[in-house]
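1. need the 3D shape of this:
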Amino acid sequence: MSYGYPDSVRSNYGGANPYGANYGGSNTALNVNPYGDDAQEQGTAEARGPPVFRARDRRQGAYGQVGPPSAPTSQYGGFTRSRNNVDELGEDGGPQVNRPTSLERSQAKRRSGGKSFAQRSPTRPRAGGAGAGAGAGYQEEDGVKQIEDVLAIIQEHWNFMMDEKCVPVQVALQLMDNSSLGMASRYPEFKAIHQQLQNALKAIVNEHHQGFNSSIGTFHAIQTSIQTSLQMLRELREKLLSAKTALSSTKPELKSLAQKSREYDEALQTLNQIENIQAIPEKVEARISDKRFITAVELLQDGLRLIRQPKMEEIGALRDLRVRLSNLEQTVVDILIEELHSHLYLKSPYCESRSKQHANQYSKGIAPRSGNTATDVRGRKLHEYLEKLESESSAMQDDTTRIPEANSFDYIQLLVESLNSLGVLEVAVDTITQRLPVELFKVVEKTSKDIDKQSLGKLRRKEDQDTMNFTNPAKVALLEELLGTLYAKFEAIAEGHRVVHEVIAGILKREGLRTSSSLTSGFRELWKLFQSEIRSLLHDYLTTNSNNSSRQGQAGDRTGNVFSRTQRDKTKQIFKLSNMDPKSTDMASEREDLDLILKSSVPGLVSDTKRSDITNLNSSTTTVDGGATGHKLLVEPNVFNMGALLPPSLIFLNRLREIVPPTSDIALSTLTSFLDDFLVNVFLPLLDEALEEQCARIFIEADAFQQDPQWSSHSEKPIFKGTYQFLRLIVAFCEMLDILPHDQAFSQLIINQLVIYYDKCCGWYKAKVSRAQPHPRTGGRQKMSAALIEGGEIRDIVSAIMQSDEAIVPELLRKEAALLIRSSDAIHIEEMDIVSDKKNIAALCLLATSMRWLAGKFKRLGKVTPEATKSSRRESSGKSQDHRWTLVTGAEKQSKTLKIYLPLSDESKVAYDGLVTSFQELATNALRMLHVEIRCHVIYHVTRSMARTFLLNQEHNDPDPEVLALNTDILDFDEEAGDYLEDQQRGFIMNGLSTLLDDLLLHFAPKIPIMNKNGCGRLQLNILVLQQNLKNVEPTASLPRSALYYGLCASGPEAIVAEARAKGKDIGFTYEEMKTLMELSYSETLQSERREVAVQAKRGLDENVLALSEYIW
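-> Below you'll find the predicted structure:
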């Protein structure tokens, strides 16, 4: 574990030579305290000032960079000489053997600049006391002793953190856990150990860095002396050999002069060539600064060709120059590759227009058809460039009349031609292929962050908090903007790779070389990565199963053992070097020094935009969850995001057809096949699972069968909240299907959910109409009204009343009343047989309205389409392998119509219509039940009222309590029906009650054992109260027969006979009813205790009954 130390400290104190890699080439390794920040944490903000860094002369490294010479690709490097010529020339100006360029030759200097100990930084702890960065009373001990003590403590108490399998995030979470299983109580101890380790490392550095610097200088001096001695010995040996040869040979004067003349000429030529070679680096640097790479490459190759001649190889003084030119060659290669990547992946400011010109195509939302792309092809700048490309006939030359980067395609060709001139074209192609995944990842990451910065505030202001808002316009717009921008960049990147492909193919043909797959397969690799990125983006924004499974796995392990380790999800990034603070003082200082060196070496090569790569790679995992690819997710993953994700993807794939090289191994017909596989194998199961989950969530909500608070915004009458949420889900699904290619598999998912919701509603209805206990006589578990409408004559006549004209409704109501009275005589209605709770009545009314409203919506939603019919035929014929969803562009159909519908085939339309009919039947069944339920209330209360005695000792001015209860029930029914049902449905339930009441009051007359005048008066009061209450529900309601009937009873036997004599058979009552009425009139006297009164009453009853038979029969 690193515990947050800088990389330089970890490498220097890991057991290796801290100077073995760069030999003092970096001034940060020794002269900058790498633990300054940690030490300052212990001091106060007032005690420490801004860090002061001693300027240190820098010399030429491998390419002029600060870092080790083994990493030239991080920057372009510099081309200036060392700060003094002492390294190349001796004091007398003669040649001198150079020391290794990777060693620091400057004299060791104190970091304090020669100042006394008291003048050093107050944050540095002193050897004899505590500095500002140490605690009170702190005495700095020997650094080695300190580090040994700290390591002993770590091995004793924190040994588990030294294991290479230790997960820092897991330990951090345990240190933050305040539970009994956590390690939060040890967190202060952890901080103390960490600070002790920091102080120990700091002490070691402070004690030994002076010795390191001094040893380097001494080593340089020794090495220089050795090399000087060797050179002197070689020269002495050569002189001895020359002297020996001269002494042993003859010296003719003319021959000697001629030979010397030739030698002098050759020496002069060699000196001229050396002068030219020495000037080449400056010329190459100037050409590179002007972006004239072809000329720079030609100059560099000429210099390398000259310096690599055999006679130049013999000149030892040219070794440094030879090394410099070789390094310059590698640097130029690195610069060319970096410039090529800069334009391939749109890092240069000159490339912004390339992606912007394609972004408009995605904002239109219309994908071009494969046979309708001629207009776009002629307007594409790529094809205009390819028509003018002449790489097969002649090599490209620098054009000094214009800016090289102004035309990005020409600049890419210029770079490829330059790499070919250097003979490293294959190396460059391999580098491009290797860096392709990283570069594409950076493009996606940068695009996500740019879009997030532009739209995050607006999204937070407009984002709907409703969890059912699957098609949030802000989210859809954000996804469309993200994918439109990203695919536009992908398209521009593909165009750049197409240019590279065509230029390389032209070079191979021009030079007569065989086409190599290693040089021309780059576009195929790019296409594979495009597939991977598109598939990953779609998956990340559709589902979060990977995150959920990871969390569930960790949670499951914690329940077993808090110290158990789980397999880390390697797709998640837990640490990045880019997490360091780019605005810190140390980073800013080092960056300024590096930029100064690069700008002074090669002006214009390094722009400010190229430094943004470091800051653009900050991890986003600390703010929001990332997907499997590690990219930041701008919106919450949801399967319904596919409606915004698929159209731009189809547009990009169709437009990519125009860019794919004809000579590549990519078949244009298979460009969208991977997306078909994704839709079939990934999206469809995800959609099925998401739809089931969302529907189940709607079904199990506590308020699913409660009134929707916002019902007025989408319905004329109140409906269930769950019904509206379910319709919203189905409509959002259909809206997404309108964008996706039609397939019956999608429609079948909705049909399955309709069946489930219908079953839920039926189960809820049955629960509302069920008895708490079985009926004692029939054993049924349903309320009386629900049982009566299950089948039989009552169901038929109630259905006839609902569907018949008003002219025949009264006759049907009379038949219904007779059937209900007959049923009540057969099965006595108890209190458990009626729905006595007002809330349940309202709920049943809501059910009827909701199911009727939902059936109407679904009836307009289903539509038979040719695409769905073809899809159904393919499935039935088993030709699923020929199914290509992406050949049908849903975005184009969406632009033609704004109506949302569910695509159905002829077969599925039958099942769908059956479901719609089932919802309508459920609503109708609820209305039938309510129609019969109010009549069961009437029968129940009238039965209880008529069962009372009517032999009263005094007059009663109050109606019977059962009559009042019935009036309350009728008003409650009418109120709930008026609130939740339409007027026609309310009339169907409430109208006609007077017919039943009128017949019912007469039906119970024979069951009255005795009635006197006071009892008859109270019964007449009950009738009057019922009649007046019915007028509130039905203005034309009345109880004429029962009022007349019991009015005649109150008038006496003579009045009854007189009424029969006057009207005869038109009196309106049957003989049995009139006989019962006459018996009620004599019931009190017939049961008199005086025998003569009873006998006289019996005689009068018989006479009057006989008279009634004469008048009525």
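2. max-length helix in this structure?
-> Determined from DSSP state H, the single longest helix within the chain is helix 187-248.
3. and that one, average pLDDT?
-> In this model, helix 187-248 has an average pLDDT of 88.
4. which other helices and strands contact it?
-> Applying 3 or more Cβ pairs under 8 Å, 6 or more residues apart in numbering; DSSP states H and E, we find helix 187-248 packed against helix 36-40, helix 143-157, helix 168-176. Just so you know, the C-beta spots here come from the backbone N, C-alpha and C atoms, and that holds for glycine as well.
5. and the ones you listed, which is most packed in?
-> helix 36-40 (a mean of 19; mean count of other Cβ atoms under 10 Å).
6. pLDDT on that helix, on average?
-> Rounded mean pLDDT across helix 36-40 is 39.
7. in the stretch 451-600 of the chain, where is pLDDT below threshold?
-> Scanning the stretch 451-600 of the chain for pLDDT under 70 picks out the ranges 456-471, 514-520, 522, 544-584, 598-600.
8. at 90 instead, please
-> Filtered on pLDDT under 90, the stretch 451-600 of the chain yields the residue ranges 451-485, 487, 491-492, 494-600.
9. now the helices: where do they sit in it?
-> Under the criterion DSSP state H, counting those that start in this stretch, the stretch 451-600 of the chain contains helices at 473-510, 517-520, 522-542, 545-560, 585-601.
10. most tightly surrounded among the ones you listed?
-> Most buried among the helices of the stretch 451-600 of the chain, counting by mean count of other Cβ under 10 Å: helix 473-510, with a mean of 22.
11. can I get the helices of the stretch 451-600 of the chain in CSV with distance to Phe746?
-> Below are these laid out as CSV (distance: least, Cβ to Cβ, whole Å):
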stretch, distance to Phe746
helix 473-510, 19
helix 517-520, 41
helix 522-542, 15
helix 545-560, 20
helix 585-601, 53
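12. wait, Lys1075 touches Leu1106, no?
-> No. The pair Lys1075 / Leu1106 is not scored as a contact, 10.4 Å apart, by Cβ atoms under 8 Å.
13. switch the helices and strands packed on helix 187-248 over to a markdown table; also include distance to Asn276.
-> Listed next are those as a markdown table, based on distance: least, Cβ to Cβ, whole Å:
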| stretch | distance to Asn276 |
| --- | --- |
| helix 36-40 | 49 |
| helix 143-157 | 55 |
| helix 168-176 | 58 |
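14. Ala203: which of these is closest?
-> Nearest to Ala203, of all the helices and strands packed on helix 187-248, is helix 143-157, at 3.6 Å by Cβ to Cβ.
15. could you count how many residues lie near Lys1031?
-> 13 (other Cβ atoms under 10 Å).
16. residues in contact with it?
-> By Cβ atoms under 8 Å, 6 or more residues apart in numbering, the contact list for Lys1031 reads Ala1037, Ser1038.
17. phi first, then psi, for Gln782.
-> phi -110, psi 160 (degrees, to the nearest 10).
18. any idea which of the helices and strands packed on helix 187-248 scores lowest on pLDDT?
-> helix 36-40 (a mean of 39).
19. show me the helices in the stretch 951-1100 of the chain, by range?
-> Counting by DSSP H, counting those that start in this stretch, the stretch 951-1100 of the chain has helices at residues 961-980, 983-990, 993-1003, 1013-1033, 1040-1051, 1053-1063, 1071-1086, 1091-1112.
20. okay, those helices in TSV with mean pLDDT and distance to Leu915 next?
-> What follows is the helices of the stretch 951-1100 of the chain, written out as TSV (pLDDT from 0 to 100; distance: least, Cβ to Cβ, whole Å):
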stretch	mean pLDDT	distance to Leu915
helix 961-980	93	24
helix 983-990	92	22
helix 993-1003	92	35
helix 1013-1033	92	35
helix 1040-1051	91	47
helix 1053-1063	89	58
helix 1071-1086	89	51
helix 1091-1112	87	57
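21. can you report phi and psi for Gln773?
-> Dihedral angles (degrees, to the nearest 10) for Gln773: phi -130, psi 150.
22. OK, contacts around it?
-> Counted by Cβ under 8 Å, 6+ apart, Gln773 has contacts Met832.
23. any idea how far Leu241 is from it?
-> 128 Å (Cβ to Cβ, to the nearest Å).
24. if we can go back for a sec, what about Lys1075 and Leu1106, which has more around it?
-> Comparing Lys1075 with Leu1106 by other Cβ under 10 Å, the one with more neighbours is Lys1075, at 18 against 9.
25. contact partners for the more buried one?
-> Val1105, Leu1108.
26. what of Glu417?
-> For Glu417, the contact set (Cβ under 8 Å, 6+ apart) comprises Ile294, Ser391, Ala395, Met396, Val503, Ile507.
27. which parts of the stretch 651-800 of the chain are helices?
-> 673-678, 684-700, 721-739, 744-768, 784-788, 793-803.
28. coming back round to it: show me what secondary structure element comes after the longest helix of the chain.
-> helix 253-289 (DSSP states H and E).
29. which of the helices of the stretch 651-800 of the chain comes out lowest on mean pLDDT?
-> Among the helices of the stretch 651-800 of the chain, helix 673-678 scores lowest, at a mean of 79.
30. what's that one packed up against?
-> helix 522-542, helix 642-656.
31. so how far is Glu830 from His937?
-> From His937 across to Glu830, the span is 12 Å (Cβ to Cβ).
32. the two: which has the busier surroundings?
-> His937 (24 against 13).
33. state the distance from the closest residue to the more buried one other than its chain neighbours to Asn1014.
-> Nearest non-adjacent residue to His937, counting by Cβ to Cβ, 6 or more residues apart in numbering: Asp969, 4.6 Å away. Applying Cβ to Cβ, the value for Asp969 to Asn1014 is 27 Å.
34. the two: which is more packed in?
-> Asp969 (21 against 15).
35. tell me the contacts of that one?
-> Applying Cβ under 8 Å, 6+ apart, the residues near Asp969 are Ile934, His937, His941.
36. also Val1093?
-> So Val1093 contacts Thr1085 (Cβ under 8 Å, 6+ apart).
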